[in-house]
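Asker: got a predicted model here, sequence first, then my questions.
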2 protein chains.
Amino acid sequence: MVKNTIAIDAMGGDKAPKAVITGLAISAVRNPNTNYIIYGDENKILPLIKNREHLKKVSKIVHVEDWIRGDEKASKSLRRARTTSMGLAISAVATGEADAIVSAGNSGALLAMSIFGLKKLSGISRPALAAVMPTVSGEVVVLDLGANIDCSSQNLIDFSVMGIVFAMNVLGKPYPRLAFLNVGEEENKGKNIIHEASGVLESSHFSSFYKGYAEGDKIITGDFDVVVCDGFSGNVLLKTAEGTAKLCTEYLKQVFSSSLLGKISYAIGRASFLSIRKKMDPRKHNGAVLLGLNGIVVKSHGGTDSIGFAHAVDLANEMSIGKYNELIKTELDKLNPIHDKK
Amino acid sequence: MVKNTIAIDAMGGDKAPKAVITGLAISAVRNPNTNYIIYGDENKILPLIKNREHLKKVSKIVHVEDWIRGDEKASKSLRRARTTSMGLAISAVATGEADAIVSAGNSGALLAMSIFGLKKLSGISRPALAAVMPTVSGEVVVLDLGANIDCSSQNLIDFSVMGIVFAMNVLGKPYPRLAFLNVGEEENKGKNIIHEASGVLESSHFSSFYKGYAEGDKIITGDFDVVVCDGFSGNVLLKTAEGTAKLCTEYLKQVFSSSLLGKISYAIGRASFLSIRKKMDPRKHNGAVLLGLNGIVVKSHGGTDSIGFAHAVDLANEMSIGKYNELIKTELDKLNPIHDKK
């Protein structure tokens, strides 16, 4: 039985520490062999944890009064790594005390502090932010989502390795299908960095996984398990998909509440409507992961509730128990000598 | 009364020439003062037009047997500008015989031939592909959508001018609100070309229209009338929004057909379901426009039917009757001296 430890920033997010601790309690039931080190204001955390025996017995609370504010600049936060709940939780991973950190706090600060504190995995040119998105038939992992605005072909190759291992390890797909996000499916379409990375993958041991280019409308059709792109495009992709899905549910609400027949239809089909809402529930896919560092870093959405936070902790558990980072190293070694370990 | 002429490529698109001619007939009812020059195979066009008196009397058919295939390479198509329906329709705009061209044919060929045949508008650094997307409360024009993979800040400024005039002229918004697509709303977020273009707009006569940066989820909320981006990001935005909307309607269908209560609910709420489908009908927003050339170029979706093609012809009519290109020149002159007319 693998025993692992997760560091929790209890003070990050709009509903901290309540959503954090109640979410943690939910995940702790599903992952009974994990220990937690909780960083934050003891006076607020203790009352939340005291009636949750199963969580209490696997948790250690480290009292910290200071925390990174949601609107704080990332550059400024770096100076407060030794005094804040987020900074100290990252340090626990850096020293090896914990295998992963989960925070719902300031994204920019979490990225900057993690990159600075945990350092890059050997062989990885740049870390990448990855998230799982729902598709018609399952799930797809997309990276980078904004950690790198400009990317080189080497970055895209490294993202591919990290994405393939993620799909195998976390999504449970033994033969992941990978595509580069592009503006057309033809070979000569799009950016040069994509063409270059494409050439490398085609001649690597990943060639059987590599399926070419995909446009934005083909990401959620379920044709691919891994989609790789630069951080700017990835952010546009993720945010646009979120916004459009929200617009659709907004339309649904408007239309069915504006007429009597619509209301009756809603009352009768309530189970169907709820099943759609459940299918599109963003909490199920809460948790972006910063890949490519010496340690697992999971960013929960700042506005999420306890159910969403629990999913983020589940993800950290899966990745640390599954030894994600060790598998990355193995795959990078296989990619040699074409991979130049920059 | 303004009289204008539109050149029609009758042979482009999956359902040509039938969807083209029937669509044209629909638009001709709505735009009674427009003349059409129809390029294509007379033997196929004449039977479609013969019972449509209102269209027949404003149309001239130019018999051309050759046409650009859907899978033809853009570079190859350039050599066939003088022998194909698409090429000759563009030539009609170049010679001044027509004000606009509408085609549902090969996008790459239409872009390449139009840029080559019509030349850039004086003062515009690069043409851009623009399209109107639906929002919660109305419509937003987004550009560039893929004509330019890499962009300079000057390109973004020119796209802004073209977008603002489009919103005023075609969408009927006297005070359009413009944003740059970016990965965050803070000033220091994202690409340098965006920061530079932002600085120019802030100190220009457009400053009251310029609202800063927008993320992908804020495009369809109705907060903006014009969204400017490089062609790669724009393509990702458009395709992702299309794909996600399709996924939502797919979910709806699945869920309501999988249970008896769902089916009853659908039967009762049919009007509401149809109203959603109507709201999200892509045919209403069919027609991407290539802006910044000496002539109006409208690209209809290749797979659209007559209703979709009619909307594309409507768009060409609005822009040529509204003297879109002349307004661009006026605004560019006002932008001087900061605009360096590259």
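Answerer: On my side now, so go ahead.
Asker: low-confidence regions, the stretch 1-150 of chain A specifically.
Answerer: Residues of the stretch 1-150 of chain A that meet the criterion pLDDT under 70 lie in A:1-2.
Asker: switch to 90 and redo it
Answerer: Within the stretch 1-150 of chain A, the stretches with pLDDT under 90 are A:1-3, A:70-77, A:108, A:133-138.
Asker: helix, strand or coil for the residue in the stretch 1-150 of chain A positioned nearest to chain B?
Answerer: Nearest residue of the stretch 1-150 of chain A to chain B (C-beta to the nearest C-beta) works out as A:Gly146 at 5.2 Å. For every residue, glycine as well, the C-beta is placed using N, CA and C. Secondary structure assignment for A:Gly146 (DSSP: H, G, I helix; E, B strand; the rest coil): coil.
Asker: hmm, A:Leu293 and A:Lys119 touching each other?
Answerer: Yes - taking contacts as C-beta atoms under 8 Å, A:Lys119 lies within contact range of A:Leu293: 6.8 Å.
Asker: when those two are compared, which one has more neighbours?
Answerer: More crowded of A:Lys119 and A:Leu293, by other C-beta atoms under 10 Å in any protein chain shown: A:Leu293, with 22 against 13.
Asker: excluding its backbone neighbours, what's nearest that one?
Answerer: A:Leu118 (4.1 Å; C-beta to C-beta, 6 or more residues apart in numbering or on different chains).
Asker: again with A:Gly303
Answerer: In space, A:Gly303 is closest to A:Asp14, 5.0 Å off (C-beta to C-beta, 6+ apart).
Asker: and A:Gly292, by the same measure?
Answerer: Leaving aside its sequence neighbours, A:Gly292 sits nearest to A:Pro127 (C-beta to C-beta, 6+ apart; 3.6 Å).
Asker: list the residues that contact the one you found.
Answerer: A:Ser114, A:Ile115, A:Lys120, A:Leu121, A:Ala147, A:Leu290, A:Leu291, A:Gly292, A:Leu293 (C-beta atoms under 8 Å, 6 or more residues apart in numbering or on different chains).
Asker: got CSV for the residues you listed, with distance to A:Leu24 and secondary structure too?
Answerer: Putting those into CSV (distance: C-beta to C-beta, whole Å; DSSP: H, G, I helix; E, B strand; the rest coil) gives the following:
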residue, distance to A:Leu24, secondary structure
A:Ser114, 20, helix
A:Ile115, 25, helix
A:Lys120, 28, strand
A:Leu121, 27, coil
A:Ala147, 25, coil
A:Leu290, 20, strand
A:Leu291, 23, strand
A:Gly292, 26, coil
A:Leu293, 22, strand
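Asker: now the buried members of the residues you listed.
Answerer: Neighbour counting over these (16 or more other C-beta atoms under 10 Å in any protein chain shown) leaves A:Ser114, A:Ile115, A:Leu121, A:Ala147, A:Leu290, A:Leu291, A:Gly292, A:Leu293 as the buried ones.
Asker: residue contacts, the fourth one?
Answerer: If you count contacts by C-beta under 8 Å, 6+ apart, A:Ala147 has them with A:Leu111, A:Arg126, A:Pro127, A:Ala128, A:Leu129, A:Gly231, A:Leu290.
Asker: I'd like to know how many residues surround the fifth one.
Answerer: I take that to be A:Leu129. Counted with other C-beta under 10 Å, A:Leu129 comes out at 26.
Asker: and the pLDDT at A:Asn336?
Answerer: Note for A:Asn336: predicted pLDDT of 64.
Asker: cool, and A:Met280?
Answerer: Note for A:Met280: predicted pLDDT of 69.
Asker: what do you get for the one 3 residues further on?
Answerer: The predicted structure scores A:Arg283 at 75 on the pLDDT scale.
Asker: ok, now the one 10 residues further on?
Answerer: pLDDT recorded at A:Leu293 is 96.
Asker: sketch out the low-pLDDT regions of the stretch 201-342 of chain A for me.
Answerer: A:220-221, A:242-287, A:303, A:322-323, A:326, A:329-342.
Asker: got phi/psi on the residue nearest to A:Asn35 when sequence neighbours are not counted?
Answerer: Distances taken as C-beta to C-beta, 6+ apart put A:Thr5 closest to A:Asn35, at 4.5 Å, once the chain neighbours are dropped. Backbone torsions of A:Thr5, given as degrees, to the nearest 10, read phi -130, psi 130.
Asker: I figured A:Thr5 hits A:Ala98, correct?
Answerer: Yes - contact criterion C-beta under 8 Å: A:Thr5 and A:Ala98 qualify, at 4.5 Å.
Asker: identify the contacts common to those two.
Answerer: Shared contacts of A:Thr5 and A:Ala98, counting by C-beta under 8 Å, 6+ apart, come down to A:Ile37, A:Ala92.
Asker: give me the more crowded residue out of these two.
Answerer: Each of A:Thr5 and A:Ala98 had its neighbours counted (other C-beta under 10 Å), and the higher figure belongs to A:Ala98 (25 against 18).
Asker: that one touches A:Ile90, doesn't it?
Answerer: No - here A:Ala98 does not reach A:Ile90: they are 9.2 Å apart, not a contact under C-beta under 8 Å.
Asker: which neighbours do the two share?
Answerer: Shared contacts of A:Ala98 and A:Ile90, counting by C-beta under 8 Å, 6+ apart, come down to A:Ala7, A:Gly295.
Asker: quick one on the thing from earlier: tell me the contacts of the residue of the stretch 1-150 of chain A closest to chain B?
Answerer: A:Leu129, A:Gly231, A:Phe232, A:Gly234, A:Asn235, B:Val183.
Asker: excluding sequence neighbours, find me the nearest residue to A:Ala100.
Answerer: Closest to A:Ala100 by C-beta to C-beta, 6+ apart is A:Ile296, at 3.5 Å.
Asker: same question, A:Lys50
Answerer: A:Lys56 (7.1 Å).
Asker: neighbours of that neighbour, how many?
Answerer: Count around A:Lys56 with other C-beta under 10 Å applied: 14.
Asker: and the gap between the residue nearest to A:Leu293 and A:Phe309?
Answerer: 21 Å (C-beta to C-beta, to the nearest Å).
Asker: the more surrounded of these two?
Answerer: A:Phe309 (33 against 21).
Asker: the more buried one: what's it in contact with?
Answerer: So A:Phe309 contacts A:Gly13, A:Ala19, A:Val20, A:Thr22, A:Gly23, A:Leu24, A:Ser27, A:Val102, A:Ala104, A:Asn286, A:Ser300 (C-beta under 8 Å, 6+ apart).
Asker: in strands only, show me those.
Answerer: When DSSP state E is applied, the contacts of A:Phe309 are split such that A:Val102 fall in strands.
Asker: any idea how many residues pack against the closest residue in space to A:His63 that isn't next to it in sequence?
Answerer: Excluding the flanking residues, the one nearest A:His63 by C-beta to C-beta, 6+ apart is A:Glu42, at 4.0 Å. Using other C-beta under 10 Å, the number of residues around A:Glu42 comes to 15.
Asker: now A:Gly12
Answerer: Around A:Gly12 there are 31 residues (other C-beta under 10 Å).
Asker: helices along chain A, start to end?
Answerer: Along chain A, counting by DSSP state H, helices occupy A:18-30, A:42-49, A:53-56, A:74-77, A:85-94, A:107-118, A:153-169, A:192-202, A:231-257, A:260-268, A:270-279, A:306-321, A:324-335.
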